[in-house]
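Asker: Generate a structure from the sequence data that follows.
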Amino acid sequence: MSGGGTHQYVKAVGQRHIAAVRRKSYIGIVTGSNLDKRMSDPLARITTRAAYGASQLPRIAWYVGHSLAVRWLSKTAQRRDGKKAQLRAHTKLPVPDRGRLYADMAILLQQDLTNIEAGLYPLPADHDGSLLTLLHRSRLFFEDLPEIHRRRDRNAHREVLSKGTRGKRPRYYLQNFHFQSGGWMTDDSARRYDTQVEVLFNGTANATRRQALPQLHEVFAGRDQRKLRLLDIGCGTGRFLDFLKQAWPRLPALGLDMSEPYVRYAKRHLKRWSRLSFTVGNAESLPVPDESQDAVTSIFLFHELPPKVRRIVFRECARVLKPGGRLVLVDSLQRGDQPDYEGLLELFPQNYHEPYYRSYTNEDFSALASVCGLTYVRGVKAFVSKVMVFDKPAVA
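Answerer: Residues are numbered from 1 along each chain as shown. Predicted structure coming up:
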């Protein structure tokens, strides 16, 4: 069999295996113990790994290619604009080279596969769409780069604040975060967002999001998922909720976001799932009762909140959690987490409009949790991100 034929065969077998696992997961056959037994079969393990590679490696290559193209375009723009632009971002702290970044990406993907083989969640479907869909999103992404460059060059980050938007959302929210067109307020922004984030993460954003699932598995295992409740705040386009439902299809979940366009996009993207609802709302005043949620999750939100708002939202998470409930946050690394990444943490808010990022990197979440009646359980590094886990003490 030729190399191309072998690739197609492995991909086809992998896709059939993925589909079988998902069907069984939906009807409740796949449990941790059942999957552990299947993973002990060498052929099943090889098939799982082949299927994982066939689904993940091409998307990594796709987004790394985009990232390299962006770097080339950025350098071209810097040469055109002269020394002034080249002095924009700087740091004296250590910055990992691309070899180190790729090595840490590989560690993340290995952990993702290990979680799958341990039965913590099924082989993932990224639901990226067809090749035509990917090409369309790629075009939208590259078309916006000149505007992003213009805003970055002029530090123009208030274009979202206008007569039409003023007063409809908090002032801190009405900014061009990442210097992107429309901020969080337009349908075009929602359509570009997933590509923008995956390019930033070199294709590992979804794998990073999935690192929240083992922390939920720890408290959901052995419980009737139909009787649990989960709230995802700052749900955006719903990527994390998609993986949540792949793991627990009968779990009632609510996604909340302040952006109507992003919520509309999430509803369309996740229409395949039942027991999943969305609401447009402000996390500073969560629209759910006290002690009503078994888990609260938030992915890539807290670094974009002002310090005062960050504390209010954290307190709201504590309020709505049931005793014994769990809060799981996935967000950027912080100061001291990875010494040789310190320069990267300093460069990020310089290259992207992230006005509250520095305060986030210095936030003591363990102390904040204690003030809000939660217990800090652990932090787990995931490439350039980390998973933070907090529990609400159960009633004695």
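Asker: Now do the residue lying closest to Gln246 once chain neighbours are set aside against His217, distance only.
Answerer: Counting by CB to CB, 6 or more residues apart in numbering, Pro122 is the residue found nearest to Gln246 once chain neighbours are left out, at 5.9 Å. Heads up, the C-betas are built off the backbone N, CA and C, glycines and all. Going from Pro122 to His217 by CB to CB, to the nearest Å gives 12 Å.
Asker: mind checking the SS state of the residue nearest to Gln246?
Answerer: Assigned by DSSP: H, G, I helix; E, B strand; the rest coil, the conformation of Pro122 is coil.
Asker: what's the neighbour count on it?
Answerer: Neighbour count for Pro122, taken as other CB atoms under 10 Å: 20.
Asker: Need phi/psi at it.
Answerer: As for Pro122, its main-chain torsions (degrees, to the nearest 10) stand at phi -80, psi 170.
Asker: got any residues that touch both of Pro122 and His217?
Answerer: Here Pro122 and His217 share the contacting residues Ala247, scored by CB atoms under 8 Å, 6 or more residues apart in numbering.
Asker: Who are the contact partners of the nearest residue to Trp62 once chain neighbours are set aside?
Answerer: Distances taken as CB to CB, 6+ apart put Gly203 closest to Trp62, at 6.6 Å, once the chain neighbours are dropped. The neighbours of Gly203, taking CB under 8 Å, 6+ apart as the test, are Arg59, Ile60, Ala61, Trp62, Tyr63, Val64, Met105.
Asker: one more time with 10 Å, if that's ok
Answerer: When contacts are counted by CB atoms under 10 Å, 6 or more residues apart in numbering, Gly203 touches 56-67, 105, 109, 126.
Asker: Could you measure from it over to Ala61?
Answerer: Separation of Gly203 from Ala61 (CB to CB) stands at 8 Å.
Asker: Leu256 too?
Answerer: Applying CB to CB, the value for Leu256 to Ala61 is 34 Å.
Asker: The two: which has the busier surroundings?
Answerer: Remark: of Leu256 and Ala61, Leu256 carries more neighbours, 22 against 12, as counted by other CB under 10 Å.
Asker: which SS class is that one?
Answerer: Judged by three-state DSSP, the three-state class of Leu256 is strand.
Asker: Beta-bridge partners for it, please?
Answerer: Ile233, Thr279 (DSSP bridges).
Asker: Can you give me every residue that contacts it?
Answerer: Counting by CB under 10 Å, 6+ apart, Leu256 has contacts 231-235, 263, 277-283, 286-288, 296, 298.
Asker: can you pull out the helices in the stretch 151-300 of the chain?
Answerer: 187-200, 205-210, 213-220, 239-247, 260-269 (DSSP state H, counting those that start in this stretch).
Asker: I'd like those laid out as JSON lines, including mean neighbour count, distance to Arg100 and mean pLDDT.
Answerer: Compiled in JSON lines, the helices of the stretch 151-300 of the chain are given as follows (neighbours: other CB atoms under 10 Å; distance: least, CB to CB, whole Å; pLDDT from 0 to 100):
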{"stretch": "helix 187-200", "mean neighbour count": "21", "distance to Arg100": "17", "mean pLDDT": "96"}
{"stretch": "helix 205-210", "mean neighbour count": "24", "distance to Arg100": "17", "mean pLDDT": "98"}
{"stretch": "helix 213-220", "mean neighbour count": "20", "distance to Arg100": "25", "mean pLDDT": "98"}
{"stretch": "helix 239-247", "mean neighbour count": "23", "distance to Arg100": "26", "mean pLDDT": "98"}
{"stretch": "helix 260-269", "mean neighbour count": "19", "distance to Arg100": "33", "mean pLDDT": "97"}
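Asker: who wins for proximity to Ala367 among these?
Answerer: helix 213-220 (20.3 Å; CB to CB).
Asker: Run through who's touching that closest one.
Answerer: By CB under 10 Å, 6+ apart, the residues outside helix 213-220 that reach it are 32, 111-112, 114-116, 118-122, 124, 228, 230, 240, 243-244, 246-248, 251, 294-295, 297, 324-330, 377-378, 380, 387-391.
Asker: what are the phi and psi angles of the closest residue to Asn362 other than its chain neighbours?
Answerer: Leaving aside its sequence neighbours, Asn362 sits nearest to Arg335 (CB to CB, 6+ apart; 5.7 Å). Arg335 adopts backbone torsions of phi -60, psi 130, taken as degrees, to the nearest 10.
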